[in-house]
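# Curious how this folds, go ahead:
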Amino acid sequence: MMIIFTLLSVFAIVGAIGMISFYQPVYSALSFILTIIALSGLFALLNASFLFAVELIVYAGAVITLLLFIIMFLNIKDEHLPNEKGRFLVQIGGAFFLIPLNLVILKAFSDLDDRELGIITGDFGTIGSVGKELFSSWVLPFELISILLLVALVGSIVLALRTKNDNNT
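Residues are numbered from 1 along each chain as shown. Here you go, the predicted model:
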């Protein structure tokens, strides 16, 4: 079990590094798929079957397919991409900036006892437990997010129609 966890963790980290390192957007999206699949495997190791399925179906299936479709539809060529001089220096600087934060987090987790984590329960990640938590403790944020998404949808339609009307006149 520890070997599978280590392997999935390495895949997730390599995919995340590839996502921010690749110059071409398609390669970044493919690296993002690797990260999402590795994270869904980690959910499967936690016996969180609902989160595992959602991660694969919604994120790896729908969102990444839409992202790849948009990237290919836009047909971005190398000359259209920005010239990012010193990009790797910024990434290395950001990594060094985050090292102290990561050390604090690792120290905090190493001090915890397995019983204190409380993540291994019989119904962790099941449909019932996620739904019960979502619609009891998180019902207001859930409804606010749905309203925000509705406003964004209406706004994008209005902007698209206004742009279409401006081009016709």
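# which residues sit against stretch 29-44?
By C-beta atoms under 8 Å, 6 or more residues apart in numbering, the residues outside stretch 29-44 that reach it are 4-5, 8-9, 11-12, 14-19, 22, 51-52, 55-56, 59-60, 64, 67-68, 71, 125. Quick note: C-beta positions are derived from backbone N, CA and C, even for glycine.
# just the buried members of those?
8, 11-12, 15-16, 18-19, 51-52, 55-56, 59-60, 64, 67-68, 125 (16 or more other C-beta atoms under 10 Å).
# Of the contacts of stretch 29-44, which belong to helices?
Under the assignment DSSP state H, the contacts of stretch 29-44 contribute 4-5, 8-9, 11-12, 14-19, 51-52, 64, 67-68, 71 to helices.
# which parts of stretch 85-103 are buried?
Within stretch 85-103, no residue qualifies as buried by neighbour count (16+ other C-beta under 10 Å).
# how far does that stretch sit from the chain's center?
Distance, stretch centre to chain centre, for stretch 85-103: 20 Å (C-alpha atoms, centre = their mean, to the nearest Å).
# Alpha carbons only: can I get it in PDB?
Only the C-alpha atoms of stretch 85-103 are listed here, as PDB (Å, rounded to 0.1, in the frame of the first residue of the first chain):
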ATOM      1  CA  LYS A  85      12.200  35.500 -20.300                       C
ATOM      2  CA  GLY A  86      13.400  34.300 -16.900                       C
ATOM      3  CA  ARG A  87      10.400  32.100 -16.400                       C
ATOM      4  CA  PHE A  88      12.400  29.300 -14.800                       C
ATOM      5  CA  LEU A  89      14.100  31.800 -12.500                       C
ATOM      6  CA  VAL A  90      10.700  32.900 -11.200                       C
ATOM      7  CA  GLN A  91       9.600  29.200 -10.800                       C
ATOM      8  CA  ILE A  92      12.800  28.400  -8.900                       C
ATOM      9  CA  GLY A  93      12.400  31.500  -6.700                       C
ATOM     10  CA  GLY A  94       8.800  30.600  -6.000                       C
ATOM     11  CA  ALA A  95       9.900  27.100  -5.000                       C
ATOM     12  CA  PHE A  96      12.600  28.400  -2.600                       C
ATOM     13  CA  PHE A  97      10.000  30.900  -1.200                       C
ATOM     14  CA  LEU A  98       7.600  28.000  -0.500                       C
ATOM     15  CA  ILE A  99      10.300  25.700   1.100                       C
ATOM     16  CA  PRO A 100       9.900  27.100   4.700                       C
ATOM     17  CA  LEU A 101       6.100  26.800   4.400                       C
ATOM     18  CA  ASN A 102       6.400  23.200   3.300                       C
ATOM     19  CA  LEU A 103       8.800  22.400   6.200                       C
END
